[in-house]
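> model this:
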Amino acid sequence: MAWLEGSALAEYLRGLGIWTYGLLNLAHILGVATLFGAVLVLDLRLLGVWRSIPATSLLRPTVPLAAGGFVVAAISGVMMLSFNTTEYHGNPFIYAKFPLIGLGLVNVLVISRLPAWRRVTAGDTPAPADPAILRVCGAASLLTWLAVVTCGRMIGYW
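All right, here's what the predicted structure looks like:
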């Protein structure tokens, strides 16, 4: 943590002025909102909401939005963290948030390799077990990213 706070990136960002942290925080919030909004829509569809809408119709906009939101949130989050990293030492929420992000990304990798996911993204006829498999994955994703958002929010209150 001390390394990040003393890094050239942190020194550069602190030297940009008083508005830098606030603008990074805004970018982080927008990235998280974009990520979670897209994940929410996609995961609710996997859970069986909006069955009349083909999954492929929701996948096209939500997957790139989630990916873009994640990139913005991750970059801005690291930049914000570099400002005062050592202040977060001992904060349990930051130590929970990063493994949860990893778990969310692992869930994405697992889902994307499932035959059930390949069939839904291709618009093919699902196998009998596909809806149940996708519901479990959608629930795991939704709970994981909700936990990430919750931990991120609670970091400031510890």
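
> If you average the pLDDT over the strand or helix carrying Glu11, what comes out?
Per DSSP states H and E: Glu11 is located in helix 8-15. For helix 8-15, mean pLDDT rounds to 89.

> ditto for stretch 124-139
95.

> what comes into contact with stretch 26-35?
With contact meaning C-beta atoms under 8 Å, 6 or more residues apart in numbering, stretch 26-35 is reached by 65-66, 68-77, 80, 145, 149, 152. Placement of C-beta: from N, CA and C, glycine included.

> Tell me which stretches of this protein form helices.
Listed in chain order, the helices found in the chain under DSSP state H are 2-5, 8-15, 19-46, 55-83, 92-113, 115-122, 130-155.

> would CSV of these with mean neighbour count be doable?
Formatted as CSV, the entries for the helices of the chain read as follows, by neighbours: other C-beta atoms under 10 Å:
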stretch, mean neighbour count
helix 2-5, 12
helix 8-15, 13
helix 19-46, 18
helix 55-83, 17
helix 92-113, 15
helix 115-122, 16
helix 130-155, 18
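
> where among the ones you listed is the average confidence lowest?
helix 2-5 - the lowest mean pLDDT of the helices of the chain, at a mean of 82.
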